[in-house]
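Trainee: I'd like to go over a predicted model; first the sequence, then the structure.
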Amino acid sequence: MQRYGEKVERHMKLFYDSLSEKDRRRYAAVEAEKLGHGGVEYVAQVMECHPSTVRQGREDIVQLPEDAAPDRVRKKGGTEKLS
């Protein structure tokens, strides 16, 4: 697998950081797919995220153009606040 240059990596990371959580996953997945074998780990390193984030992005892309929650970044629910 060929790696990107430092300047490209820096621009990728800046762009990644400007996106919503859902779009970050999708962007990382597309970049990893372009690279093929080893791409998930490499992109996770460049984007400073977990490889499972990139893998989840792959699943998100498969669901396009249909998106169960197009305006939501996170799924409904989550943990309750403890007071």
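Mentor: Structure received. Numbers count the residues shown, from 1 in each chain.

Trainee: host element of the residue lying closest to Gly39 once chain neighbours are set aside?
Mentor: With C-beta to C-beta, 6 or more residues apart in numbering as the criterion, Gly39 has its nearest non-adjacent residue at 3.7 Å, and that residue is Ala32. Heads up, the C-betas are built off the backbone N, CA and C, glycines and all. Assigned by DSSP states H and E, Ala32 belongs to helix 21-35.

Trainee: now do the buried residues in that helix.
Mentor: Residues 22, 24-29, 31-32, 35 are the ones in helix 21-35 that count as buried (16 or more other C-beta atoms under 10 Å).

Trainee: which among those residues gets closest to Val62?
Mentor: Taking C-beta to C-beta as the measure, Val62 lies nearest Ala29 of the buried residues of helix 21-35, at 9.6 Å.

Trainee: nearest residue to the middle of the chain?
Mentor: Among the residues of the chain, the one closest to the centroid is Arg25, at 1.9 Å (C-alpha atoms, centre = their mean).

Trainee: phi first, then psi, for Pro51.
Mentor: Summarising the backbone geometry of Pro51 under the convention degrees, to the nearest 10, its torsions are phi -60, psi -30.

Trainee: do you know how far it is from Glu21?
Mentor: In this structure, Pro51 and Glu21 are 16 Å apart, going by C-beta to C-beta, to the nearest Å.

Trainee: for this structure, just list every one of the helices.
Mentor: Listed in chain order, the helices found in the chain under DSSP state H are 6-17, 21-35, 39-47, 51-62.

Trainee: as TSV, those with mean pLDDT would be great.
Mentor: Conversion of these to TSV gives the following (pLDDT from 0 to 100):
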stretch	mean pLDDT
helix 6-17	97
helix 21-35	96
helix 39-47	97
helix 51-62	95
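
Trainee: returning to that earlier point: quick check: the farthest pair among the buried residues of helix 21-35?
Mentor: Of all pairs drawn from these, the greatest distance, 21.2 Å, lies between Lys22 and Leu35 (C-beta to C-beta).
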